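Asker: Coordinates for the following, if possible.
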Amino acid sequence: MLRFRPSQGAQFSPVVDNGVVVAAVPWARHAARRTRAFDDVAAWCAVEMSGSAAGRLLRCSWRVIGAIVARVAADLRAGADDLDGLRRIGIDEISYRRHHRYLLVVVDHGRKRLVHAVDGANKTTLRGFFDTLGPTRTAQLTHVSADGAPWLNAVVAEKAPQATLCADPFHVVRWATEALAEVRRRTWNDARHRGGQGRPATGEGKRLKDSRWALWKNPESLTDDEQASLAYIAATHPQLHRAWALKEGLRTVFRLNGEPAVAALTRWLRWA
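Answerer: Numbering: from 1, shown residues only. Below you'll find the predicted structure:
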């Protein structure tokens, strides 16, 4: 309970319930045991760090931080609808509880904020989002970014056929990395078979097997040994090295913006 001593001339209307005086005050939210300023600071900390870290900093539990975030979010959203004005959205799923449960989340790329989150990532929950959005607001969507999951693409095509479906850079590069891994496995198998079926890997096969991280890591993060491994691949296995170069070229495309990015992607497509 908030305990206060009203200053002279303060305006409030107390309600007496079982001997307890309850009054609205301008410096605290309803049902809060802390001031509005403290709530705002705690909510800001929760955005910048984990709830546990914010709790240690402010000397309260992470459950208190969660309750404060809920109050501040409700206060900010009062009278506003996050689903109004959506044009470019991103849809994804995140796991929690040791990856046994999933949330479907929708973000507004224009305002850079989360606008929808619901338990369960499947066709039913995604259709529920579009039903909540309504046909008028759904028709205003111009772009939808997603991870390329077939079930997600199918629902977007069904509910918002006018929107351009975009793949986010993380998953595009991941697909290229998976293709690179397939080329590496094929090259390694060829080298292993040249040594005889069932025999231990040859020296060449072992070098290819150990080259996995050299091919996957960013060039700026390679150790001296990994750089030497990559140089060996460039000299002895041009097809595998070309697959690595294609992956790195695609990463370069996503570092650019605007027309340079379009030109770089066009060159990459011709090369690939």
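Asker: use CA for all of it now, contacts and neighbours both
Answerer: Fine.
Asker: So which residues of the chain form strands?
Answerer: With strands called from DSSP state E, the chain shows them at 15-17, 20-22, 88-96, 101-108, 113-119, 143-146, 164-167.
Asker: ok, residue 82 touching residue 115?
Answerer: Yes - when contacts are counted by CA atoms under 8 Å, residue 82 is listed as touching residue 115 (5.5 Å).
Asker: Mind pulling up the pLDDT for the residue lying closest to residue 105 once chain neighbours are set aside?
Answerer: Excluding the flanking residues, the one nearest residue 105 by CA to CA, 6 or more residues apart in numbering is residue 117, at 4.4 Å. With respect to pLDDT, residue 117 scores 91.
Asker: and residue 117, how far is that from residue 125?
Answerer: Distance of residue 117 to residue 125, computed by CA to CA, to the nearest Å: 10 Å.
Asker: Overlap of the contact sets of these two?
Answerer: Jointly contacting residue 117 and residue 125 under the rule CA atoms under 8 Å, 6 or more residues apart in numbering are residue 104.
Asker: measure residue 181 to residue 212 for me?
Answerer: According to CA to CA, residue 181 stands 8 Å off from residue 212.
Asker: Run a quick neighbour tally on residue 55.
Answerer: By other CA atoms under 10 Å, 20 other residues sit near residue 55.
Asker: In this structure it contacts residue 68, no?
Answerer: No - with contact defined as CA under 8 Å, residue 55 does not reach residue 68; the gap is 11.0 Å.
Asker: Now do the contacts for residue 77.
Answerer: Residue 77 makes contact with no residue, according to CA under 8 Å, 6+ apart.
Asker: Recalculate using a threshold of 10 Å.
Answerer: Taking CA atoms under 10 Å, 6 or more residues apart in numbering as the contact definition, residue 77 lies against residue 71.
Asker: Check residue 226 and give its pLDDT.
Answerer: So residue 226 comes in at 88 (pLDDT).
Asker: The one 3 residues further on now?
Answerer: Here, the pLDDT recorded for residue 229 equals 89.
Asker: wait, doesn't it sit right on residue 204?
Answerer: No - the pair residue 229 and residue 204 does not pass the contact test of CA atoms under 10 Å, sitting 11.2 Å apart.
Asker: between these two, who's got more neighbours?
Answerer: Applying other CA under 10 Å to residue 229 and residue 204 shows that residue 229 carries more neighbours, namely 20 against 15.
Asker: nearest residue to the more buried one other than its sequence neighbours?
Answerer: Nearest residue to residue 229 in three dimensions, chain neighbours excluded: residue 211, at 6.1 Å (CA to CA, 6+ apart).
Asker: tell me the phi and psi of the one you found?
Answerer: The phi/psi pair for residue 211 (degrees, to the nearest 10) reads phi -90, psi 0.
Asker: Can you tell me how far it is from residue 221?
Answerer: Going from residue 211 to residue 221 by CA to CA gives 14 Å.
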